[in-house]
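Undergrad: missing the sequence, but the structure's below:
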């Protein structure tokens with residue numbers, strides 16, 4: 001039985017203590033295998049954190065992830081007829097270089113002076129609108145003048161009515177005075193006849209009082225006639241006031257009607273001018289679309305339409321362009337095109 005107490009530890013045995021270990025020696029293969037195994041594990045672990053790609057062989061079409069580096073097809077913005085080419089396949093063009101020219105096929109755009117004629121029409125319409133504006137201003141001045149004239153006429157008519165009222169009042173007082181005077185003359189004539197019968201006055205005095213009585217009657221009749229004339233004057237002045245109002249009301253209504261009619265014509269003309277300006281802008285843009293230009297620097301790879309006089313519709317494919325920098329890195333299905341660079345500008 002082994003004595004394993006702390007006081008009796010096991011002796012340490014070395015490899016050199018035994019003749020068998022010294023004869024066999026130390027195995028070198030296991031030591032090299034361990035080192036290689038450790039190295040492979042370390043390389044494998046490091047390889048897991050390194051970027052890597054897989055390569056395969058295949059047939060297909062090479063393209064770009066960036067849309068602006070892909071072949072771009074230029075379309076016809078407007079329908080037209082092909083008139084002239086300025087480039088050929090393989091040419092390098094810059095942005096804005098003219099590629100081809102189209103001509104018009106729609107009859108409404110055949111006029112070669114369409115832009116100038118439309119501008120002249122716009123100028124004429126603008127002058128028409130300006131004349132309507134001047135007419136509106138003139139009618140405003142006329143309305144102001146009529147308003148001022150109406151105010152003056154009304155003041156005159158009102159003053160005339162006041163004068164007629166005062167004259168009527170004066171004639172009424174004169175009639176009252178004439179009545180009082182004739183009453184006094186009648187009383188005097190009655191007393192004179194009584195006194196003549198009693199012999200107190202002479203016949204001449206009675207006749208004088210008779211004349212006074214007749215004169216008083218004539219004065220009363222004259223005062224009553226003047227009173228009637230004053231009433232007629234007051235009535236006529238009132239009628240004149242109403243007539244002035246009606247007359248100027250008709251004139252003002254006619255002037256305002258002409259003003260609003262002119263304003264309506266002016267606004268209609270201004271709307272026509274705006275519409276024609278839009279048409280002129282559209283014609284100008286359409287004229288610019290007769291020349292098809294390069295949207296970016298690149299190479300002409302394919303012409304879809306070729307024949308001079310060939311008609312294209314709106315949206316039809318015209319030509320294919322590939323971005324210049326794309327062909328510096330790879331070739332798409334053919335050798336990089338070479339040739340003289342041809343540029344044409346409007």
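TA: Cool, the structure landed. These numbers come from a predicted model, not from an experiment.
Undergrad: any idea which element residue 280 lies in?
TA: Assigned by DSSP states H and E, residue 280 falls within helix 203-288.
Undergrad: mind checking what helix or strand follows that helix in sequence?
TA: Taking DSSP H and E, what comes next after helix 203-288 is strand 291-293.
Undergrad: could you point out which element follows that following strand?
TA: Strand 291-293 is succeeded, C-terminally, by strand 298-303 (DSSP H and E).
Undergrad: burial count for residue 282?
TA: 11 (other C-beta atoms under 10 Å). Backbone N, C-alpha and C define where each C-beta goes, glycine included.
Undergrad: tell me the pLDDT at it?
TA: If you check residue 282, the pLDDT there is 92.
Undergrad: roughly how far apart are it and residue 314?
TA: Look at residue 282 and residue 314: by C-beta to C-beta, to the nearest Å, they are 14 Å apart.
Undergrad: again with residue 292
TA: 13 Å.
Undergrad: give me the more crowded residue out of these two.
TA: residue 292 (20 against 10).
Undergrad: who's in contact with the more buried one?
TA: 74, 76, 98-102, 318-319 (C-beta atoms under 8 Å, 6 or more residues apart in numbering).
Undergrad: need the three-state assignment for residue 152.
TA: Here residue 152 is helix, with the state taken from DSSP: H, G, I helix; E, B strand; the rest coil.
Undergrad: follow-up on the earlier one: buried subset of the contacts of residue 292 as a ChimeraX selection?
TA: Here is the ChimeraX command that selects the buried residues among those (16 or more other C-beta atoms under 10 Å):
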select :74,76,98,99,100,101,102,318,319
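Undergrad: closest to the centroid, which residue in this structure?
TA: By C-alpha atoms, centre = their mean, the chain has its centre lying nearest to residue 274, at 9.5 Å.
Undergrad: against residue 188, how distant is it?
TA: For residue 274 relative to residue 188 (C-beta to C-beta), the value is 95 Å.
Undergrad: got it, and residue 308?
TA: In terms of C-beta to C-beta, residue 308 sits 132 Å off from residue 188.
Undergrad: same question for residue 256.
TA: 68 Å.
Undergrad: same question for residue 270.
TA: 89 Å.
Undergrad: with residue 107 instead?
TA: On the measure of C-beta to C-beta, residue 107 and residue 188 end up 113 Å apart.
Undergrad: the more surrounded of the two?
TA: It is residue 188, of residue 107 and residue 188, that has more neighbours when counted by other C-beta under 10 Å, with 17 against 7.
Undergrad: if we can go back for a sec, report all helices and strands that the helix holding residue 280 contacts.
TA: helix 114-198 (3 or more C-beta pairs under 8 Å, 6 or more residues apart in numbering; DSSP states H and E).
Undergrad: what's the angle from the helix it packs on to helix 203-288?
TA: Per axes from the mean of the first three to the mean of the last three C-alpha atoms, to 10 degrees, the angle that helix 114-198 makes with helix 203-288 is 170 degrees.
Undergrad: which secondary structure elements does helix 114-198 contact?
TA: Helix 114-198 packs on helix 203-288, going by 3+ C-beta pairs under 8 Å, 6+ apart.
Undergrad: avg pLDDT for stretch 138-147?
TA: Mean predicted confidence for stretch 138-147 is 91.
Undergrad: also stretch 192-203?
TA: Mean pLDDT, computed over stretch 192-203, is 75.
Undergrad: quick one: residues contacting the nearest residue to residue 184 once chain neighbours are set aside.
TA: Among residues not flanking residue 184 along the chain, residue 216 sits closest, at 7.5 Å (C-beta to C-beta, 6 or more residues apart in numbering). The contact partners of residue 216, by C-beta under 8 Å, 6+ apart, come to 178, 181-182, 184-186.
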